[in-house]
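*Asks:* got a sequence here, can you build the structure:
(2 chains)
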Amino acid sequence: MALIAVEGLEKVYASEGVETRALCAASFVIQRGEFLSIMGPSGSGKSTLMQVLGLLDRATAGRYLLDDKDVSGFTDDELARLRNKKIGFIFQALNLLPKTTVSENVELPLLYDETSEASNEDRVRGALEAVNMLHRADYLSNQLSGGEKQRVAIARALVNNPEIIFADEPTGNLDSKAGLQVMAILQALNAAGRTIILVTHETSTAEHAKRILRMVDGEIVADGPVVNRRIASKENELLK
Amino acid sequence: MTLSAGSSLECIMRISDPIKITYRSLAASKLRFFLTVLGVVIGVAAVIMVMAIGASAQRLVLSQVENVGSNLVVVLPGAAEEKGPPASALGIITTTFRNDDLSALRLRRNVPHLIAISGYVSGSATVESSTDSFEASFQGVSPEMIEVENIRVEQGRFFFPEEESDLSRVVVLGASRARDLFPDRNPLGETVTIKKNPFKVIGVLGERGSAAFSNPDVLIYVPLETAQKILLGINYLNFARGKVDASENIERTLADMTALLRERHDIEIDEESDFSVRSTKAALSILTSITDVLKYFLIAIASISLLVGGIGIMNSMLISVSQRIREIGLRKAVGARPTHIITQFLIESSCITLIGGTLGIFFGIVVAYLAAIIIPRFGYEWQLIIPPASIAIGFTVSIVIGITFGLYPALKASRVSPMEALRYE
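*Replies:* You can find the predicted model right below:
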């Protein structure tokens, strides 16, 4: 059973009577444990696809099966519960709460998880350990460097133990060294069994994935495995 | 959350999360928070102040009537509308109410429930003691006054009935008038001169405090007929005041008195009376309704400032929603449902009003307290009254305003699309 299966997915934005087709008849399947890059130039519809797959937005047409369930008819509350349980997000703009400690930022998804049995404290600690940021737990988010902020954002995406992590241009605001560190973490998470969906316009970043889905003007123009996959930890070693 | 904190606190922390978020959000924009709270403080303080000062003012007015005595009836000369002021209150002198009317009213067979009645005349004159002289008011009263007004005689005695009829030149002094005239000796047996007539002091009354907006402690009491014939040269009464045996007999006594006086004054059935008979109970209820209307009117005006405070909250919360739109988007992206967002914003607006309400109640009480210190200096018996209802109303209205005016911004925040919010610059 596929983790994600989409068929004829469409997204049309209508503004002041003008319709913009951001996604045209997208159909594909993502298996558990995949590391997929959605690649394409600006305006190609890759972010729209991620938003629909990440349940932040609804498709205008088509079918979206998540874990074999058609989520198209889900209510806002049901979608919020699914985002909280199954999905972690890493955004390009980081979106950490200012004047708030690292651990409080990481804890955020847990505040809305009413079924959690494990202690929030342990889960936050575990997530921060996974990104090597435990020593900064009590720092305020605005006291961190860009790379550190992105690692905290990854910890926040991990804390609710989601099946899928969506990363939207996670290295976009980082220097190459910090970017590689982030990619190394994502590769490690994938190696541990998590499904990663990465959105990027940089080929070098996309090649850290196992599979690349290329988009142009809202259409998927290519979908295939990465031949020479980059391994971020090795690239990091070379940089040293 | 602090990582070193004990996990047993998990549950409490879950409850306190929205409060932590609220604290952070309010602390992030201190000036806006302060100004919004100030709006509520002024509104609630105004309502509390008006309720407290209104209650004290009402108490002052009513106590002036109550101090005259309970179960009292008054006969005022001159016709009057049922609910309007008596003619005498408008400065019209009517001479139709005479001493023989008073004697008839005194007879138990005429007015069975009237246990005592005193006639009153008053005037002012230069009063001299052996050491000093004053311009002072005097009152001619019947011996029954002591019973009607429930007065304590501090020294000596009050008038005997025969002192009234044989025009005795004796006086009884109000407590403070006695101190003025005889600061360093016992006034009993001393002589005072009123309009060049010598009077012997036979008694001093106890302190009574002001009643009907006049101070009986500064009066000099003279037997009724002595005052009429020797000091004033009149043969009518200014008014009479009587005491009824029980409050349930007041209406009947008023009817008996009216019937008797109408008969004595030969007033035909369709003619208007040339006097009016009233009870202090009725006066109290009229005064209560007048002061109630005034009080509620003032509260309504003060409530307008609460409304303005509420609009301030809505404005501030709307600014907060647009400033924190990315945060709202993020919260929704990680699983916050619309109810979480609504709750969060309602807690914030309620916190503003609760803090404002508490401070408002405090400042309202402070102002009422200051009024209770300052107003007595102008000679009024002002009691500090903080109606418990005003505090309950202050708190309740604060929360209701917080929720009412916070609801629209909260709903607006909850409807934000997470994606649009995250894209918002």
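*Asks:* for B:Asn215, give me its contacts.
*Replies:* By C-beta atoms under 8 Å, 6 or more residues apart in numbering or on different chains, the contact set of B:Asn215 is B:Gly174, B:Ser176, B:Gly209. In this view, the C-beta of every residue, glycine as well, is placed from N, C-alpha and C.
*Asks:* please report which of those residues has the highest neighbour count.
*Replies:* When neighbours are taken as other C-beta atoms under 10 Å in any protein chain shown, the top entry among those is B:Gly174 (25 neighbours).
*Asks:* what about that residue, distance to B:Ala255?
*Replies:* For B:Gly174, the distance to B:Ala255 equals 34 Å [C-beta to C-beta, to the nearest Å].
*Asks:* B:Ser390 too?
*Replies:* Distance of B:Ser390 to B:Ala255, given as C-beta to C-beta: 41 Å.
*Asks:* quick one: which of the two has more around it?
*Replies:* Neighbour comparison, B:Ser390 and B:Ala255: the larger count goes to B:Ser390, with 24 against 12 (by other C-beta under 10 Å).
*Asks:* how about the nearest residue to the more buried one once chain neighbours are set aside, secondary structure?
*Replies:* With C-beta to C-beta, 6 or more residues apart in numbering or on different chains as the criterion, B:Ser390 has its nearest non-adjacent residue at 3.9 Å, and that residue is B:Met51. Assigned state for B:Met51: helix (three-state reduction, DSSP: H, G, I helix; E, B strand; the rest coil).
*Asks:* with adjacent residues omitted, what lies nearest to B:Lys20?
*Replies:* Nearest in space to B:Lys20, with sequence neighbours left out and distances taken as C-beta to C-beta, 6+ apart, is A:Glu104 at 8.0 Å.
*Asks:* does that neighbour touch A:Leu110 like I think?
*Replies:* No - A:Glu104 is not in contact with A:Leu110 according to C-beta atoms under 8 Å; the separation is 10.4 Å.
*Asks:* let's see stretch B:296-304 as PDB, backbone CA atoms only.
*Replies:* Only the C-alpha atoms of stretch B:296-304 are listed here, as PDB (Å, rounded to 0.1, in the frame of the first residue of the first chain):
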ATOM      1  CA  TYR B 296     -29.100  54.400  36.700                       C
ATOM      2  CA  PHE B 297     -28.800  57.300  34.300                       C
ATOM      3  CA  LEU B 298     -25.200  58.000  35.600                       C
ATOM      4  CA  ILE B 299     -24.300  54.300  35.300                       C
ATOM      5  CA  ALA B 300     -25.600  54.300  31.700                       C
ATOM      6  CA  ILE B 301     -23.400  57.300  30.900                       C
ATOM      7  CA  ALA B 302     -20.400  55.600  32.600                       C
ATOM      8  CA  SER B 303     -21.100  52.500  30.600                       C
ATOM      9  CA  ILE B 304     -20.400  54.400  27.300                       C
END
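*Asks:* which residues touch A:Tyr139?
*Replies:* Taking C-beta under 8 Å, 6+ apart as the criterion, A:Tyr139 is in contact with A:Thr101, A:Val102.
*Asks:* pick out the residue of the stretch 201-350 of chain B closest to chain A.
*Replies:* At 2.5 Å from chain A, B:Gly335 is the closest residue in the stretch 201-350 of chain B, using C-beta to the nearest C-beta.
*Asks:* quick check, that residue in a helix?
*Replies:* No - with three-state DSSP as the criterion, B:Gly335 is assigned coil and is not in a helix.
*Asks:* from B:Gly402, how far out is A:Ala123?
*Replies:* For residue A:123 the amino acid is Arg, not Ala. Going from A:Arg123 to B:Gly402 by C-beta to C-beta gives 34 Å.
*Asks:* who's more crowded, these two?
*Replies:* B:Gly402 (26 against 20).
*Asks:* could you look up the SS state of that one?
*Replies:* B:Gly402 ends up helix, using three-state DSSP.
*Asks:* leaving out chain neighbours, which residue sits closest to it?
*Replies:* Spatial nearest neighbour of B:Gly402, excluding adjacent residues (C-beta to C-beta, 6+ apart): B:Thr353 at 3.3 Å.
*Asks:* what residues of the helix or strand harbouring the one you found count as buried?
*Replies:* For B:Thr353, the element it lies in under DSSP states H and E is helix B:338-374. Residues of helix B:338-374 classed as buried: B:338, B:340-342, B:344-361, B:363-365, B:367-368, B:371-372 (neighbour count, 16 or more other C-beta atoms under 10 Å in any protein chain shown).
*Asks:* pull the distance from it to the chain's centre.
*Replies:* Distance of helix B:338-374 from the chain centroid (C-alpha atoms, centre = their mean, to the nearest Å) equals 26 Å.
*Asks:* that helix - contacts with which helices or strands?
*Replies:* helix A:76-86, helix B:10-28, helix B:30-66, helix B:280-323, helix B:325-333, helix B:388-414 (3 or more C-beta pairs under 8 Å, 6 or more residues apart in numbering or on different chains; DSSP states H and E).
*Asks:* and A:Asp223, backbone torsions?
*Replies:* When read as degrees, to the nearest 10, the backbone of A:Asp223 gives phi -150, psi 110.
*Asks:* who's in contact with it?
*Replies:* With C-beta under 8 Å, 6+ apart, A:Asp223 has these contacts: A:Phe28, A:Arg211, A:Ile212, A:Leu213, A:Arg214.
*Asks:* just checking, the first one is part of a strand?
*Replies:* Yes - the assignment for A:Phe28, made by three-state DSSP, places it in a strand.
*Asks:* I'd say it and A:Glu219 touch.
*Replies:* No - using C-beta under 8 Å, A:Phe28 is not in contact with A:Glu219; the gap is 11.9 Å.
*Asks:* can you check the pLDDT for A:Glu117?
*Replies:* Predicted confidence (pLDDT) for A:Glu117: 65.
*Asks:* same deal with B:Gly78?
*Replies:* At B:Gly78, the pLDDT value in this model is 81.
*Asks:* over to the one 10 residues further on?
*Replies:* Turning to B:Ser88, the model gives it a pLDDT of 59.
*Asks:* could you do the one 10 residues further on as well?
*Replies:* We have a pLDDT of 90 for B:Arg98.
*Asks:* for it, what are its contacts?
*Replies:* Going by C-beta under 8 Å, 6+ apart, B:Arg98 touches B:Asn235, B:Tyr236, B:Leu237.
*Asks:* and the first one, what's its pLDDT?
*Replies:* What it means is B:Asn235. pLDDT, B:Asn235: 89.
*Asks:* hey, what's the closest residue in space to B:Leu114 that isn't next to it in sequence bridged with?
*Replies:* Nearest residue to B:Leu114, sequence neighbours excluded (C-beta to C-beta, 6+ apart): B:Gly242, at 4.9 Å. Beta bridges link B:Gly242 to B:Val73, B:Ile117, judged by DSSP bridges.
*Asks:* right, I'll leave it there.
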